[in-house]
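Participant: just to be clear, the model below is a prediction. Sequence and coordinates:
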Amino acid sequence: MEAMMALAAGPNPEELQKLFMGTGFLASAFVVGAAGIVSLLGILYMTMVVAPNATQRLSGALRERNILSFFAGIPVVGFFGITGAITHRSPALSALNGVAFGVVLILAFAAAAEDIGRRLYWACGKEGSRASHLASGWVVFAFGACFPVIGWFVILPWVSLSGMGSVLVGLLPARKTAEPVKDIDFDEK
């Protein structure tokens, strides 16, 4: 009889809140997981199919001039911020600015992921394919960016700004390297 009275009185607000919060957690976990998978596939697709030479050039620029790439990323982000502020009243221009920012960001993350993966493989004393560099670099970057303080305020901004700056630095001509030093041959004659 008491169970019938509880049903007649309506649902328990605390139970509804728990149900709502649990459903929200599942939905947000699904969205974050799907976004991670889609971004990894997008970066792999961008690097391997759409713009392989561009991402390789950007990765090389990031590898050779990483401090310059970081500081060059600040005006790139500022440019998209200013264009976003200017075009915020026009939905079409704002969407175009968002798409351009997304493409540059995917190129930047692809270059950064390839650089991180290459350095990771180099630290382990191994070679690897470009796809393995990208995948391992993206996993390390994504995992590092998940940590609350260090990931959000150090790793994510550093990699994002460095990658965005590599887009600008990649347009500059490559550094001239000095000729390799030849060993002196001490042949006894």
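Facilitator: That came through, no problem. Because the structure is a prediction, the values reported are computed rather than measured. Numbering: from 1, shown residues only.

Participant: C-terminal to the helix or strand bottoming out on mean pLDDT in the chain, what's the next element?
Facilitator: Of the helices and strands making up the chain, the lowest-confidence element is helix 2-9, at a mean of 52, by mean pLDDT, DSSP states H and E. Heading C-terminal from helix 2-9, the first helix or strand you meet, by DSSP states H and E, is helix 13-45.

Participant: helices or strands next to that following helix in the packing?
Facilitator: helix 91-123, helix 130-145 (3 or more CB pairs under 8 Å, 6 or more residues apart in numbering; DSSP states H and E). C-beta: built from backbone N, CA, C; applies to glycine.

Participant: reformat those helices as CSV; add mean neighbour count and distance to residue 17.
Facilitator: Formatted as CSV, the entries for the helices and strands packed on helix 13-45 read as follows, by neighbours: other CB atoms under 10 Å; distance: least, CB to CB, whole Å:
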stretch, mean neighbour count, distance to residue 17
helix 91-123, 19, 35
helix 130-145, 19, 31
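
Participant: could those go into a markdown table alongside distance to residue 161 and mean pLDDT?
Facilitator: Converted to a markdown table, the helices and strands packed on helix 13-45 look like this (distance: least, CB to CB, whole Å; pLDDT from 0 to 100):
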| stretch | distance to residue 161 | mean pLDDT |
| --- | --- | --- |
| helix 91-123 | 9 | 90 |
| helix 130-145 | 13 | 85 |
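
Participant: distance to residue 26 for those - can I get that in JSON lines?
Facilitator: Shown next, in JSON lines, are the helices and strands packed on helix 13-45 (distance: least, CB to CB, whole Å):
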{"stretch": "helix 91-123", "distance to residue 26": "27"}
{"stretch": "helix 130-145", "distance to residue 26": "20"}
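
Participant: residues near residue 51, how many?
Facilitator: Residue crowding around residue 51 was assessed by other CB atoms under 10 Å; the count is 17.

Participant: contacts only, for the residue most central in space within the chain.
Facilitator: Geometric centre of the chain, nearest residue: residue 109, 3.5 Å, by CA atoms, centre = their mean. Counting by CB atoms under 8 Å, 6 or more residues apart in numbering, residue 109 touches 39, 43, 138, 141, 159-160, 163.

Participant: most neighbours, which of those residues?
Facilitator: residue 163 (29 neighbours).

Participant: nearest to residue 52, of the helices and strands packed on helix 13-45?
Facilitator: helix 130-145 (8.1 Å; CB to CB).

Participant: I'd like to know which elements that closest one is packed against.
Facilitator: Judged by 3+ CB pairs under 8 Å, 6+ apart, the packing partners of helix 130-145 are helix 13-45, helix 91-123, helix 156-169.

Participant: please report the distance of residue 122 from residue 116.
Facilitator: When distance is defined by CB to CB, to the nearest Å, residue 122 is 11 Å away from residue 116.

Participant: give me the common contacts of these two.
Facilitator: Between them, residue 122 and residue 116 have no joint contacts when contacts are counted by CB under 8 Å, 6+ apart.
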